[in-house]
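Enquirer: Sequence first, then the predicted structure:
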Amino acid sequence: MKAIFLVKNTTSDKAFELRETPMPIVEKGEVLIQCEGFGLNYADVMARQGLYKGAPPIPCVIGYDVVGKITEVFDEKDKGLIGKRVVGLTKFGGYAQFAKTDVTAITEIDDTLSISEATAIATQYCTAYFASSYITNLHKGDKVLIHAAAGGVGTALTQIAKAKGCETYGLTSSNKKIDYLKSNGLDHPINLKETDCQDQFMKLSNGIKADVIFNSMGGESIQKDMKILSVGGRLINYGAASISGKKPNLFTLLSLLRKTGKLKPLQLLGKSAGIIGVNMLSIADKKPEIIGECLTAVVKLMKENKNIKPISGGEFSVDNIAEAHALLESRKSTGKIGVKW
(Lines give C-alpha, C1' and ligand atoms only; values in the text may rest on other atoms or scores of the structure.)
Protein backbone atom coordinates (compact mmCIF):
# COMPACT_ATOMS: atom_id res chain seq x y z
CA MET A 1 0.00 0.00 0.00
CA LYS A 2 0.96 3.65 -0.26
CA ALA A 3 1.41 6.02 2.65
CA ILE A 4 2.59 9.58 3.12
CA PHE A 5 5.71 9.59 5.29
CA LEU A 6 6.91 12.50 7.37
CA VAL A 7 10.62 12.44 6.53
CA LYS A 8 11.84 15.79 7.83
CA ASN A 9 10.82 18.39 10.42
CA THR A 10 10.55 21.36 8.12
CA THR A 11 8.16 23.31 5.90
CA SER A 12 5.29 21.39 4.36
CA ASP A 13 6.76 21.39 0.83
CA LYS A 14 9.86 19.48 1.99
CA ALA A 15 8.48 17.34 4.80
CA PHE A 16 6.60 14.51 3.07
CA GLU A 17 7.25 11.59 0.73
CA LEU A 18 4.77 9.15 -0.82
CA ARG A 19 6.16 5.65 -0.28
CA GLU A 20 5.22 1.99 -0.54
CA THR A 21 4.96 0.34 2.87
CA PRO A 22 3.69 -2.99 4.27
CA MET A 23 0.02 -3.37 5.19
CA PRO A 24 -0.81 -2.98 8.89
CA ILE A 25 -1.19 -6.25 10.78
CA VAL A 26 -4.50 -6.42 12.64
CA GLU A 27 -4.20 -7.57 16.26
CA LYS A 28 -6.70 -8.50 18.95
CA GLY A 29 -9.48 -5.97 19.29
CA GLU A 30 -8.55 -4.13 16.08
CA VAL A 31 -10.06 -3.58 12.64
CA LEU A 32 -8.51 -2.62 9.30
CA ILE A 33 -9.95 0.28 7.31
CA GLN A 34 -9.45 0.85 3.58
CA CYS A 35 -9.24 4.61 3.67
CA GLU A 36 -11.07 6.96 1.33
CA GLY A 37 -9.09 9.68 2.96
CA PHE A 38 -8.00 11.27 6.21
CA GLY A 39 -8.32 14.54 8.05
CA LEU A 40 -5.78 17.17 9.04
CA ASN A 41 -5.40 18.36 12.61
CA TYR A 42 -3.22 21.06 14.11
CA ALA A 43 -1.33 18.33 15.94
CA ASP A 44 -0.20 17.18 12.47
CA VAL A 45 1.36 20.58 11.87
CA MET A 46 3.12 20.47 15.23
CA ALA A 47 4.34 16.91 14.57
CA ARG A 48 5.75 18.09 11.24
CA GLN A 49 7.50 20.93 13.02
CA GLY A 50 8.96 18.54 15.59
CA LEU A 51 6.93 20.07 18.41
CA TYR A 52 4.56 17.19 19.17
CA LYS A 53 6.10 15.17 21.98
CA GLY A 54 4.05 12.02 21.40
CA ALA A 55 4.80 11.70 17.67
CA PRO A 56 6.90 8.68 16.58
CA PRO A 57 10.47 9.26 15.35
CA ILE A 58 10.83 10.12 11.68
CA PRO A 59 10.46 8.73 9.12
CA CYS A 60 6.92 7.94 10.23
CA VAL A 61 3.29 8.05 9.17
CA ILE A 62 1.24 10.51 11.18
CA GLY A 63 -2.51 11.09 11.06
CA TYR A 64 -5.21 10.66 13.68
CA ASP A 65 -8.52 10.21 11.85
CA VAL A 66 -9.62 8.27 8.79
CA VAL A 67 -12.81 7.42 6.92
CA GLY A 68 -13.41 4.33 4.82
CA LYS A 69 -14.74 0.78 4.79
CA ILE A 70 -13.69 -2.03 7.11
CA THR A 71 -11.96 -4.84 5.20
CA GLU A 72 -10.63 -7.01 8.03
CA VAL A 73 -11.32 -7.72 11.69
CA PHE A 74 -9.36 -9.79 14.19
CA ASP A 75 -12.18 -11.08 16.36
CA GLU A 76 -14.90 -13.34 14.98
CA LYS A 77 -17.59 -11.40 16.82
CA ASP A 78 -16.75 -8.28 14.77
CA LYS A 79 -17.21 -9.86 11.33
CA GLY A 80 -20.49 -8.03 10.86
CA LEU A 81 -18.49 -4.81 10.55
CA ILE A 82 -16.79 -5.86 7.30
CA GLY A 83 -17.95 -3.62 4.47
CA LYS A 84 -19.31 -0.92 6.79
CA ARG A 85 -18.36 2.70 6.16
CA VAL A 86 -16.87 4.08 9.34
CA VAL A 87 -14.90 6.94 10.76
CA GLY A 88 -12.18 6.10 13.23
CA LEU A 89 -9.57 7.67 15.46
CA THR A 90 -6.10 6.25 14.86
CA LYS A 91 -2.98 6.36 17.01
CA PHE A 92 -0.89 7.71 14.12
CA GLY A 93 -0.76 5.87 10.78
CA GLY A 94 -3.71 7.74 9.29
CA TYR A 95 -1.89 9.12 6.23
CA ALA A 96 -2.18 5.75 4.48
CA GLN A 97 -4.39 3.76 2.12
CA PHE A 98 -5.08 1.28 4.92
CA ALA A 99 -5.10 2.02 8.64
CA LYS A 100 -5.88 -0.05 11.69
CA THR A 101 -7.52 1.04 14.91
CA ASP A 102 -9.26 -0.32 17.96
CA VAL A 103 -12.77 -1.59 17.26
CA THR A 104 -14.07 0.59 20.09
CA ALA A 105 -12.64 3.75 18.45
CA ILE A 106 -14.90 3.72 15.37
CA THR A 107 -18.48 4.52 14.55
CA GLU A 108 -20.57 3.71 11.49
CA ILE A 109 -21.58 6.61 9.23
CA ASP A 110 -23.67 6.97 6.09
CA ASP A 111 -22.56 7.97 2.61
CA THR A 112 -23.80 11.55 2.86
CA LEU A 113 -20.79 12.76 4.85
CA SER A 114 -17.73 13.93 2.94
CA ILE A 115 -14.19 13.01 4.01
CA SER A 116 -13.66 16.31 5.79
CA GLU A 117 -17.06 16.18 7.52
CA ALA A 118 -16.62 12.56 8.60
CA THR A 119 -13.09 12.97 9.94
CA ALA A 120 -14.19 16.08 11.84
CA ILE A 121 -16.46 13.78 13.84
CA ALA A 122 -13.52 11.57 14.79
CA THR A 123 -11.22 14.27 16.11
CA GLN A 124 -12.75 17.73 16.37
CA TYR A 125 -16.26 16.77 17.44
CA CYS A 126 -15.06 13.89 19.59
CA THR A 127 -12.65 16.28 21.34
CA ALA A 128 -15.35 18.92 21.73
CA TYR A 129 -17.85 16.43 23.13
CA PHE A 130 -15.31 14.94 25.55
CA ALA A 131 -14.31 18.44 26.75
CA SER A 132 -17.83 19.86 27.02
CA SER A 133 -20.02 16.89 27.91
CA TYR A 134 -17.92 14.02 29.23
CA ILE A 135 -15.05 15.23 31.41
CA THR A 136 -17.07 18.30 32.43
CA ASN A 137 -20.42 19.75 31.41
CA LEU A 138 -21.93 22.94 30.08
CA HIS A 139 -25.13 24.35 31.53
CA LYS A 140 -27.82 26.65 30.18
CA GLY A 141 -26.79 30.28 30.61
CA ASP A 142 -23.07 29.59 30.98
CA LYS A 143 -20.76 32.19 29.51
CA VAL A 144 -18.32 30.22 27.35
CA LEU A 145 -15.09 31.60 25.86
CA ILE A 146 -13.60 29.63 22.95
CA HIS A 147 -10.07 30.16 21.60
CA ALA A 148 -9.54 29.55 17.85
CA ALA A 149 -13.31 29.53 17.43
CA ALA A 150 -13.13 29.23 13.63
CA GLY A 151 -11.08 26.05 13.74
CA GLY A 152 -12.43 22.52 13.70
CA VAL A 153 -12.71 22.05 17.47
CA GLY A 154 -13.83 25.65 17.93
CA THR A 155 -16.60 25.14 15.39
CA ALA A 156 -17.78 22.02 17.20
CA LEU A 157 -17.56 23.61 20.66
CA THR A 158 -19.63 26.57 19.49
CA GLN A 159 -22.37 24.32 18.10
CA ILE A 160 -22.50 22.14 21.22
CA ALA A 161 -22.46 25.14 23.57
CA LYS A 162 -25.31 26.82 21.67
CA ALA A 163 -27.31 23.59 21.71
CA LYS A 164 -26.97 23.61 25.51
CA GLY A 165 -28.19 27.20 25.77
CA CYS A 166 -24.85 28.86 26.54
CA GLU A 167 -23.76 32.39 25.64
CA THR A 168 -20.70 32.04 23.42
CA TYR A 169 -17.65 34.26 22.96
CA GLY A 170 -15.13 33.26 20.28
CA LEU A 171 -11.60 34.40 19.50
CA THR A 172 -10.17 34.75 16.02
CA SER A 173 -7.12 36.43 14.54
CA SER A 174 -8.83 37.68 11.40
CA ASN A 175 -11.78 39.92 10.60
CA LYS A 176 -12.36 37.72 7.55
CA LYS A 177 -13.54 34.95 9.90
CA ILE A 178 -16.09 37.06 11.78
CA ASP A 179 -18.89 36.26 9.32
CA TYR A 180 -18.03 32.56 9.55
CA LEU A 181 -18.23 32.66 13.34
CA LYS A 182 -21.62 34.39 13.23
CA SER A 183 -22.95 31.93 10.64
CA ASN A 184 -21.92 29.12 13.01
CA GLY A 185 -24.10 30.64 15.72
CA LEU A 186 -21.42 32.36 17.81
CA ASP A 187 -22.86 35.24 19.85
CA HIS A 188 -19.79 37.44 20.35
CA PRO A 189 -16.78 37.25 17.97
CA ILE A 190 -13.55 38.86 19.24
CA ASN A 191 -10.55 39.69 17.03
CA LEU A 192 -7.56 39.14 19.29
CA LYS A 193 -5.30 41.05 16.87
CA GLU A 194 -7.27 44.25 17.49
CA THR A 195 -7.91 44.13 21.22
CA ASP A 196 -6.96 42.46 24.47
CA CYS A 197 -9.28 39.52 24.24
CA GLN A 198 -9.77 39.07 28.00
CA ASP A 199 -10.59 42.77 28.47
CA GLN A 200 -12.96 42.64 25.51
CA PHE A 201 -14.67 39.58 26.92
CA MET A 202 -15.31 41.39 30.22
CA LYS A 203 -16.78 44.37 28.34
CA LEU A 204 -19.07 42.19 26.23
CA SER A 205 -20.17 40.17 29.27
CA ASN A 206 -20.92 43.31 31.30
CA GLY A 207 -18.23 42.46 33.83
CA ILE A 208 -19.36 38.88 34.44
CA LYS A 209 -16.52 36.35 34.33
CA ALA A 210 -16.44 33.21 32.18
CA ASP A 211 -17.97 29.98 33.43
CA VAL A 212 -16.01 27.82 30.98
CA ILE A 213 -12.97 28.61 28.82
CA PHE A 214 -11.71 26.31 26.07
CA ASN A 215 -8.04 27.08 25.41
CA SER A 216 -6.07 25.48 22.56
CA MET A 217 -3.13 27.90 22.74
CA GLY A 218 -1.42 27.29 26.07
CA GLY A 219 1.42 29.48 27.31
CA GLU A 220 0.70 32.93 28.69
CA SER A 221 -2.93 32.78 27.54
CA ILE A 222 -3.56 30.34 30.40
CA GLN A 223 -2.55 32.96 32.99
CA LYS A 224 -4.68 35.61 31.28
CA ASP A 225 -7.68 33.29 31.10
CA MET A 226 -7.41 32.44 34.79
CA LYS A 227 -7.97 36.11 35.63
CA ILE A 228 -11.40 36.10 33.98
CA LEU A 229 -12.50 32.64 35.16
CA SER A 230 -15.49 32.79 37.47
CA VAL A 231 -16.11 31.09 40.80
CA GLY A 232 -17.01 27.52 39.90
CA GLY A 233 -15.41 27.99 36.49
CA ARG A 234 -13.53 25.45 34.41
CA LEU A 235 -10.59 26.08 32.07
CA ILE A 236 -10.14 23.28 29.54
CA ASN A 237 -6.71 23.26 27.89
CA TYR A 238 -6.52 21.01 24.84
CA GLY A 239 -3.49 22.30 22.94
CA ALA A 240 -0.32 24.39 22.83
CA ALA A 241 -0.63 26.05 19.44
CA SER A 242 1.18 29.14 20.73
CA ILE A 243 4.53 27.41 20.10
CA SER A 244 3.70 26.45 16.52
CA GLY A 245 6.30 27.71 14.06
CA LYS A 246 9.04 28.02 16.68
CA LYS A 247 12.24 25.97 16.73
CA PRO A 248 11.67 22.49 18.18
CA ASN A 249 14.13 22.50 21.07
CA LEU A 250 14.31 22.45 24.84
CA PHE A 251 14.25 26.25 25.07
CA THR A 252 10.90 26.37 23.25
CA LEU A 253 9.36 23.91 25.71
CA LEU A 254 10.87 25.66 28.72
CA SER A 255 9.54 28.99 27.45
CA LEU A 256 6.08 27.44 27.15
CA LEU A 257 6.26 26.22 30.74
CA ARG A 258 7.51 29.57 32.00
CA LYS A 259 4.77 31.51 30.24
CA THR A 260 2.11 29.13 31.46
CA GLY A 261 3.07 30.00 35.02
CA LYS A 262 2.68 28.09 38.27
CA LEU A 263 -0.68 26.61 39.09
CA LYS A 264 -1.79 27.11 42.69
CA PRO A 265 -4.16 24.39 43.95
CA LEU A 266 -5.24 26.47 46.96
CA GLN A 267 -6.20 29.34 44.67
CA LEU A 268 -8.35 26.95 42.65
CA LEU A 269 -9.84 25.56 45.84
CA GLY A 270 -10.70 29.05 47.07
CA LYS A 271 -12.79 29.85 43.99
CA SER A 272 -13.97 26.26 43.41
CA ALA A 273 -12.47 26.39 39.93
CA GLY A 274 -10.54 23.86 37.91
CA ILE A 275 -8.08 23.38 35.07
CA ILE A 276 -8.47 20.25 32.98
CA GLY A 277 -6.05 19.03 30.33
CA VAL A 278 -7.40 17.13 27.33
CA ASN A 279 -5.30 14.90 25.06
CA MET A 280 -7.45 12.59 22.97
CA LEU A 281 -4.48 10.51 21.81
CA SER A 282 -3.80 9.58 25.43
CA ILE A 283 -7.45 8.62 25.83
CA ALA A 284 -7.34 6.61 22.60
CA ASP A 285 -4.20 4.83 23.78
CA LYS A 286 -5.32 3.93 27.31
CA LYS A 287 -9.13 4.05 27.19
CA PRO A 288 -10.29 3.66 23.55
CA GLU A 289 -13.77 2.71 24.70
CA ILE A 290 -14.29 6.35 25.72
CA ILE A 291 -13.55 7.40 22.14
CA GLY A 292 -16.27 5.03 20.95
CA GLU A 293 -18.73 6.47 23.48
CA CYS A 294 -17.99 10.02 22.34
CA LEU A 295 -18.20 9.15 18.63
CA THR A 296 -21.56 7.45 19.09
CA ALA A 297 -22.84 10.39 21.14
CA VAL A 298 -21.78 12.90 18.49
CA VAL A 299 -23.52 10.99 15.67
CA LYS A 300 -26.66 10.84 17.85
CA LEU A 301 -26.45 14.59 18.49
CA MET A 302 -26.15 15.26 14.77
CA LYS A 303 -29.32 13.28 14.12
CA GLU A 304 -31.20 15.08 16.89
CA ASN A 305 -30.01 18.64 16.22
CA LYS A 306 -29.59 19.95 12.69
CA ASN A 307 -27.36 22.77 13.97
CA ILE A 308 -24.67 20.30 15.04
CA LYS A 309 -22.97 19.58 11.75
CA PRO A 310 -19.30 19.44 10.76
CA ILE A 311 -18.24 22.16 8.35
CA SER A 312 -15.79 21.32 5.59
CA GLY A 313 -12.75 23.53 5.25
CA GLY A 314 -11.93 22.01 1.86
CA GLU A 315 -10.55 18.76 0.48
CA PHE A 316 -7.21 18.11 -1.20
CA SER A 317 -5.75 15.15 -3.05
CA VAL A 318 -2.77 13.32 -1.53
CA ASP A 319 -0.62 14.92 -4.23
CA ASN A 320 -1.37 18.27 -2.61
CA ILE A 321 -0.62 17.35 0.99
CA ALA A 322 1.90 20.19 1.22
CA GLU A 323 -0.70 22.78 0.23
CA ALA A 324 -3.22 21.33 2.68
CA HIS A 325 -0.69 21.52 5.54
CA ALA A 326 0.32 25.05 4.60
CA LEU A 327 -3.30 26.20 4.64
CA LEU A 328 -3.94 24.73 8.09
CA GLU A 329 -0.68 26.16 9.42
CA SER A 330 -1.55 29.63 8.10
CA ARG A 331 -4.62 29.77 10.37
CA LYS A 332 -6.58 31.07 7.37
CA SER A 333 -8.73 27.96 7.11
CA THR A 334 -12.14 27.42 8.68
CA GLY A 335 -13.70 24.08 9.48
CA LYS A 336 -12.06 20.71 8.80
CA ILE A 337 -9.56 20.02 6.01
CA GLY A 338 -9.74 16.58 4.40
CA VAL A 339 -7.29 14.71 2.14
CA LYS A 340 -8.49 12.03 -0.28
CA TRP A 341 -6.74 9.13 -1.99
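Expert: Done, it's in. Numbering: from 1, shown residues only.
Enquirer: Report the separation between the most centrally placed residue in the chain and Ala118.
Expert: What sits nearest the mean C-alpha location of the chain, by Cα atoms, centre = their mean, is Gln124, with 3.9 Å. As judged by Cβ to Cβ, to the nearest Å, Gln124 and Ala118 stand 11 Å apart. C-beta: built from backbone N, CA, C; applies to glycine.
Enquirer: tell me, what's touching those two both at once?
Expert: Pro310 (Cβ atoms under 8 Å, 6 or more residues apart in numbering).
Enquirer: about what we covered before: got phi/psi on the residue lying closest to the residue nearest to the centre of the chain once chain neighbours are set aside?
Expert: Computed as Cβ to Cβ, 6 or more residues apart in numbering, the closest residue to Gln124 that is not its neighbour in sequence is Gly152, at 3.5 Å. Backbone torsions of Gly152, given as degrees, to the nearest 10, read phi -60, psi -50.
Enquirer: Gly152 touches Ala120, doesn't it?
Expert: Yes. With contact defined as Cβ atoms under 8 Å, Gly152 and Ala120 form a contacting pair (5.6 Å).
Enquirer: does Lys100 sit in a helix or strand, and which one?
Expert: strand 98-102 (DSSP states H and E).
Enquirer: Buried residues of the longest helix seen in the chain, list them for me.
Expert: In the chain, ranked by residue count with DSSP state H as the criterion, the top helix is helix 288-304. Going by neighbour count (16 or more other Cβ atoms under 10 Å), the buried part of helix 288-304 is 288, 290-295, 297-299, 301-302.
Enquirer: quick one: which of these is nearest Met202?
Expert: Of all those, Met202 sits closest to Leu301, with 31.2 Å by Cβ to Cβ.
Enquirer: residues in contact with the nearest residue to the closest one once chain neighbours are set aside?
Expert: Spatially, and ignoring its direct neighbours in sequence, Leu301 is nearest to Ile308 (5.0 Å; Cβ to Cβ, 6+ apart). Ile308 makes contact with 156, 159-160, 163, 298, 301-302, according to Cβ under 8 Å, 6+ apart.
Enquirer: if we take those, which one ends up nearest to Ala148?
Expert: With Cβ to Cβ as the yardstick, the closest approach to Ala148 among the contacts of Ile308 comes from Ala156, at 11.4 Å.
Enquirer: Provide a list of residues in contact with that closest one.
Expert: Ala156 neighbours (Cβ under 8 Å, 6+ apart): 120, 124-125, 127-129, 308, 310.
Enquirer: One more: Gly68?
Expert: Per Cβ under 8 Å, 6+ apart, neighbours of Gly68: 33-37, 85-86, 99.
Enquirer: same thing but 10 Å
Expert: Contacts of Gly68 were listed using Cβ atoms under 10 Å, 6 or more residues apart in numbering, and they are 32-38, 84-88, 97-99, 115, 118, 341.
Enquirer: I am finished for the moment; much appreciated.
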